[in-house]
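Peer 1: this one's structure only:
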């Protein structure tokens with residue numbers, strides 16, 4: 001393959017957009033360009049959501065030695081379409097004492113916040129809808145709207161179980177948002193920028209065949225693991241799906257939701273999972289760059305979505321493998337382990353930056369992370385003695 005066809009294939013969607021924009025008057029081109037980016041996001045990620053639901057149900061069925069969807073369409077691939085039609089035709093039941101306006105707005109706000117987060121994610125070379133200088137800050141600011149939507153859903157339902165589920169969800173999301181942001185700060189310090197486009201671009205170089213990904217450093221690997229654990233809790237995925245503990249609080253903050261409104265909550269959670277996984281790819285896994293220099297001929301957008309699908313597979317694997325935590329375990333893990341480790345990752349990133357290149361900084365950074373990891377982990381597992389009983393994290 002010559003270089004020109006490789007570049008054309010890599011930038012095919014960018015060239016298609018420029019070609020379409022060229023047919024409109026110059027005054028309207030910025031508006032049309034923005035609309036095309038919005039339409040692409042609105043079409044692509046809901047389609048990925050539909051594919052993921054089939055993949056997850058089939059994957060969990062395989063893990064549990066049972067069949068997944070296999071009746072609607074070939075190999076059950078049209079099951080999401082059938083589920084969507086069922087949600088549209090189900091009766092929309094709203095409690096008589098509920099705040100109907102807030103009850104209606106909560107799922108819409110959650111989905112809107114999830115879609116807005118995609119604006120700053122570079123899904124390929126020159127393929128970010130908006131290149132903001134403070135893209136990471138924008139991402140977390142928009143993500144905080146999800147907490148407001150969850151509280152709106154629980155409070156407006158006028159149901160004690162919904163309110164309890166909302167309080168659980170907000171406590172969990174705020175607790176794990178702290179290590180999520182702190183682990184991201186280490187990358188921001190290393191890159192010297194808040195722009196997601198620039199952060200991804202700084203990892204696009206190679207030393208021989210090896211990439212300059214931040215995850216390939218001791219502090220980067222620890223930060224990535226902390227980021228993904230916190231992301232799992234932020235998106236209410238197993239084993240952190242406490243807000244919807246069926247045996248305790250029925251179905252959490254969406255107990256009083258049915259039909260298409262419930263489907264919007266379902267959509268919002270998956271879109272949030274895709275968005276936060278995309279940010280993790282951008283910060284730690286090189287964004288759209290190839291894992292080895294001899295694979296750069298593959299289009300950058302293929303690499304981004306390949307990494308995204310790999311992280312989705314890990315989320316599905318965790319859901320089918322790990323049991324749900326207790327609420328005290330979840331909060332202890334956030335404040336007694338995740339937070340101190342995230343602070344240490346930040347310090348380790350600074351030490352890595354100022355130590356000379358060589359084996360020394362690898363050893364120093366590894367010791368800085370490994371020793372506290374062992375000490376904090378032992379302290380968390382040993383627990384605290386209350387009366388005649390010792391409560392341990394592993395119970």
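Peer 2: That came through fine. Note that this is a predicted model, so its numbers are computed, not measured. Numbering: from 1, shown residues only.

Peer 1: Which parts of this protein are strands?
Peer 2: Counting by DSSP state E, one finds strands in the chain at the ranges 206-207, 210-211, 384-386, 389-391.

Peer 1: ok, and what's touching the first one?
Peer 2: In this case it means strand 206-207. Outside strand 206-207, the residues that touch it by Cβ atoms under 8 Å, 6 or more residues apart in numbering are 212, 292-293. C-beta here means a position set from N, CA and C on the backbone, and glycine is covered the same way.

Peer 1: returning to that earlier point: where among the strands of the chain is average confidence lowest?
Peer 2: Ranked by mean pLDDT, the strands of the chain bottom out at strand 384-386, with a mean of 46.

Peer 1: would you list every one of the helices in the stretch 251-395 of the chain?
Peer 2: 259-284, 300-321, 327-333, 339-354, 359-382 (DSSP state H, counting those that start in this stretch).

Peer 1: Looking at those, which one is packed in the most?
Peer 2: helix 259-284 (a mean of 23; mean count of other Cβ atoms under 10 Å).

Peer 1: quick one: contacts for the most centrally placed residue in the chain?
Peer 2: Closest to where the C-alpha atoms of the chain average out (Cα atoms, centre = their mean) is residue 276, at 2.3 Å. With contacts defined as Cβ under 8 Å, 6+ apart, the neighbours of residue 276 are 117, 143, 231, 234-235.

Peer 1: measure residue 101 to residue 375 for me?
Peer 2: Residue 101 is 51 Å from residue 375, where distance means Cβ to Cβ, to the nearest Å.

Peer 1: that older thread, specify which member of the contacts of strand 206-207 is nearest to residue 26.
Peer 2: residue 212 (39.1 Å; Cβ to Cβ).

Peer 1: count of neighbours near that closest one?
Peer 2: 14 (other Cβ atoms under 10 Å).

Peer 1: can you list the weak-confidence ranges in this structure?
Peer 2: Residues of the chain meeting the criterion pLDDT under 70: 1-4, 243-251, 382-395.

Peer 1: Make JSON lines out of the helices of the stretch 251-395 of the chain and add distance to residue 150.
Peer 2: Listed next are the helices of the stretch 251-395 of the chain as JSON lines, based on distance: least, Cβ to Cβ, whole Å:
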{"stretch": "helix 259-284", "distance to residue 150": "9"}
{"stretch": "helix 300-321", "distance to residue 150": "20"}
{"stretch": "helix 327-333", "distance to residue 150": "16"}
{"stretch": "helix 339-354", "distance to residue 150": "22"}
{"stretch": "helix 359-382", "distance to residue 150": "27"}
